[in-house]
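Novice: everything below, folded, please.
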Amino acid sequence: MKIITGSAKGMNLQTLEGDATRPTSQRVKEAVFSMIQFEIEGATVLDVFGGSGQLGLEALSRGAKKATFCDLSRDAVDIIIANAKKTRLFDRCRVSCCDYKQMIKGLSGKELFDFVFIDPPYKDKIIPNVLRELLRAGILANGAKIICESADNDVFCGDEDLSAQFNIFKQSKYSISYVTVLTLKNDEE
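Specialist: Numbers count the residues shown, from 1 in each chain. Okay, the predicted model is just below:
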């Protein structure tokens, strides 16, 4: 796994051993960043299930202003920190070992994010819960994009009230993964 382009282009990133995390494939990462490549410069990024940190670090390498990472696994957080230092992007990172709810609640009223990456373990079907927490906390900047990676094309898991608050900006399938880019509905009205 490598940084695709930008200041850390070509740098190899460490990943956790075993199957506790499922890193985003290079193909999916390339697709995600081709969707947002012209909007990333100067952006603030939240990587909710950080894993190896590759999505937030890719954003930083491409010119994002800062990235906040969160993962419940201490081992994952150690990998994110090591990768951030290796890519020389650590000075623009904030990394926390905590539950996503804690992280999002703690950011409420303090910061707004232009991009949020949500790539949890597929089996948990937790994306709707994360979206609700983001709405509750009010940490999405005007025009923010939420990039979700899932095994299912319905990131709302059938919750029509939740889906009514978002627009699907773009959705694509890559092998077993769906990438869904959401925007807040009220941002476009």
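Novice: which helices and strands sit right next to the lengthiest helix in the chain?
Specialist: In the chain, taking DSSP state H as the definition, the longest helix is helix 74-86. If you count contacts as 3 or more CB pairs under 8 Å, 6 or more residues apart in numbering; DSSP states H and E, helix 74-86 packs onto helix 54-61, strand 66-71, strand 93-97. The way it works is simple: take the backbone N, C-alpha and C, and place the C-beta from them, glycine included.
Novice: looking at the ones you listed, which is buried most?
Specialist: helix 54-61 (a mean of 28; mean count of other CB atoms under 10 Å).
Novice: just how off-centre is that one within its chain?
Specialist: Distance of helix 54-61 from its chain centroid, counting by CA atoms, centre = their mean, to the nearest Å, is 9 Å.
Novice: who's the most centrally placed residue in the chain bridged to?
Specialist: Closest residue to the average C-alpha location of the chain: F117 at 1.4 Å, with CA atoms, centre = their mean. Counting by DSSP bridges, F117 is bridged to D47, I147.
Novice: let me see the contact set for it.
Specialist: Going by CB atoms under 8 Å, 6 or more residues apart in numbering, F117 touches V45, L46, D47, V48, F49, L55, G56, I147, E149.
Novice: just the buried ones from those, in PyMOL syntax?
Specialist: The command below creates a PyMOL selection of those among those that count as buried (16 or more other CB atoms under 10 Å):
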select buried, resi 45+46+47+48+49+55+56+147+149
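Novice: what about the strands in this structure?
Specialist: 44-47, 66-71, 93-97, 113-118, 140-150, 166-174, 177-184 (DSSP state E).
Novice: residue ranges in this protein under the pLDDT threshold?
Specialist: 18-24, 187-189 (pLDDT under 70).
Novice: how does it look with 80?
Specialist: Within the chain, the stretches with pLDDT under 80 are 17-27, 122, 186-189.
Novice: mind exporting stretch 170-184 as PDB, just the C-alpha atoms?
Specialist: Extracted in PDB, the C-alpha atoms of stretch 170-184 (Å, rounded to 0.1, in the frame of the first residue of the first chain):
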ATOM      1  CA  LYS A 170     -21.800   9.700  -6.400                       C
ATOM      2  CA  GLN A 171     -21.800   5.900  -6.000                       C
ATOM      3  CA  SER A 172     -19.700   3.300  -7.600                       C
ATOM      4  CA  LYS A 173     -18.900  -0.400  -7.100                       C
ATOM      5  CA  TYR A 174     -15.400  -1.800  -7.100                       C
ATOM      6  CA  SER A 175     -15.300  -5.600  -6.700                       C
ATOM      7  CA  ILE A 176     -16.900  -6.200  -3.300                       C
ATOM      8  CA  SER A 177     -16.900  -2.600  -2.200                       C
ATOM      9  CA  TYR A 178     -19.300   0.300  -2.800                       C
ATOM     10  CA  VAL A 179     -18.000   3.800  -2.500                       C
ATOM     11  CA  THR A 180     -20.800   6.300  -1.800                       C
ATOM     12  CA  VAL A 181     -20.100  10.000  -1.600                       C
ATOM     13  CA  LEU A 182     -22.800  11.900   0.300                       C
ATOM     14  CA  THR A 183     -23.500  15.600   0.800                       C
ATOM     15  CA  LEU A 184     -26.000  17.200   3.200                       C
END
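Novice: alright, I will stop here.
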